[in-house]
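Chemist: quick one, structure for this:
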Amino acid sequence: MEMGNLDAAGSLLAALAGHEVRPYATRNFGRDKNPNARSVIVPEKQSRRILAKFREQLPKGFVAFLGCTSSLEPGTAEGDELVVAAGTTQFDILRHAGTDGVNFGLTAEDLIKTLEDFDHRYGIDIYHAETDSVEFKLTRLPDPLSEFCEELADFCPDLLAEDSLKDLERSIAKSSRVSLWWD
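Modeler: Residues are numbered from 1 along each chain as shown. Next up is the predicted model:
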């Protein structure tokens with residue numbers, strides 16, 4: 001596949017997912033359309049498996065991720081949005097998704113700067129981004145993990161709205177996954 005052919009990448013995603021490709025991906029809780037991406041809506045239970053399979057076949061020059069998972073736009077199909085867009089690094093995912101922490105004065109570029117630091121220190125794989133949230137898997141667990149969890153809580157105060165630092169540490173130790181959101 002020729003690098004830069006977004007429609008061909010979208011068609012590959014649609015064929016793999018078995019769902020019709022949309023000529024856009026959504027932002028702002030499903031209310032805005034990003035014409036520089038392509039997407040399909042798939043059942044939530046299948047989204048991570050399909051994303052992993054698609055990423056194995058992803059042409060160079062593209063990023064793929066889970067986008068909007070709960071749209072506020074009336075009449076939107078149920079399920080998770082799988083997105084493909086042009087990109088040279090995984091941090092382009094946040095730009096395409098329009099992710100920010102606006103309630104905490106954080107732009108997408110602010111988030112990216114911190115995530116690039118995490119990537120440099122531990123290795124991360126961003127697999128989900130939408131309006132006010134991002135999820136990634138750590139390649140290497142930080143040591144000590146407790147200090148990393150404190151750093152995460154400073155970066156994303158909403159983490160401690162539901163869990164304690166110890167709960168966060170146990171969750172990351174078990175799954176190597178980090179879910180951040182800025183409500």
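
Chemist: pLDDT score for residue 33?
Modeler: In this model, residue 33 is scored at 95, pLDDT.

Chemist: so it is in which element?
Modeler: strand 32-34 (DSSP states H and E).

Chemist: and that strand, how far from the chain's centre?
Modeler: 16 Å (CA atoms, centre = their mean, to the nearest Å).

Chemist: same deal with stretch 13-21?
Modeler: The answer for stretch 13-21 is 19 Å, by CA atoms, centre = their mean.

Chemist: show me the strands in this structure, by range?
Modeler: 25-27, 32-34, 37-42, 62-66, 80-86, 124-130, 133-138, 177-181 (DSSP state E).

Chemist: now the fifth one: mean pLDDT?
Modeler: When you say that, I think you mean strand 80-86. Here the average pLDDT along strand 80-86 is 97.

Chemist: centre of the chain versus that strand, how much separation?
Modeler: The answer for strand 80-86 is 9 Å, by CA atoms, centre = their mean.

Chemist: that strand pairs with which strands?
Modeler: Strand pairing for strand 80-86, determined by DSSP bridges: strand 37-42 (antiparallel), strand 62-66 (antiparallel).

Chemist: would you turn those strands into TSV with distance to residue 31 and mean pLDDT?
Modeler: No exception for glycine: its C-beta is placed from N, CA and C like everyone else's. Output for the strands paired with strand 80-86, formatted as TSV (distance: least, CB to CB, whole Å; pLDDT from 0 to 100):
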stretch	distance to residue 31	mean pLDDT
strand 37-42	14	96
strand 62-66	18	98
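
Chemist: for those strands, give me JSON lines that also has distance to residue 22.
Modeler: JSON lines is the format used below for those (distance: least, CB to CB, whole Å):
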{"stretch": "strand 37-42", "distance to residue 22": "5"}
{"stretch": "strand 62-66", "distance to residue 22": "14"}
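
Chemist: what bridges to the most centrally placed residue in the chain?
Modeler: In the chain, the centroid-proximal residue (CA atoms, centre = their mean) is residue 128; its distance is 1.9 Å. In this structure, residue 128 bridges to residue 66, residue 135 when assessed by DSSP bridges.

Chemist: roughly how far apart are it and residue 138?
Modeler: 14 Å (CB to CB, to the nearest Å).

Chemist: touching stretch 37-55 from outside, list them.
Modeler: 6-7, 9-10, 12-14, 16-17, 19-26, 64-67, 69, 76-85, 96, 127 (CB atoms under 8 Å, 6 or more residues apart in numbering).

Chemist: could you list the buried residues of it?
Modeler: 37-42, 46-47, 50-51, 54 (16 or more other CB atoms under 10 Å).

Chemist: kindly export it (C-alpha atoms) in CSV.
Modeler: Provided in CSV are the C-alpha atoms of stretch 37-55 (Å, rounded to 0.1, in the frame of the first residue of the first chain):
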residue,chain,number,x,y,z
ALA,A,37,-8.9,10.2,9.7
ARG,A,38,-11.1,7.2,8.9
SER,A,39,-13.0,5.0,11.3
VAL,A,40,-15.3,2.1,11.9
ILE,A,41,-17.6,1.4,14.8
VAL,A,42,-17.2,-2.1,16.3
PRO,A,43,-18.7,-3.9,19.3
GLU,A,44,-16.8,-3.0,22.5
LYS,A,45,-15.9,-6.6,23.2
GLN,A,46,-14.1,-6.9,19.9
SER,A,47,-12.4,-3.5,19.7
ARG,A,48,-9.0,-4.2,21.3
ARG,A,49,-8.6,-7.5,19.5
ILE,A,50,-9.4,-5.9,16.1
LEU,A,51,-7.1,-3.0,16.9
ALA,A,52,-4.2,-5.3,17.7
LYS,A,53,-4.7,-7.3,14.5
PHE,A,54,-5.0,-4.1,12.4
ARG,A,55,-1.8,-2.6,13.9
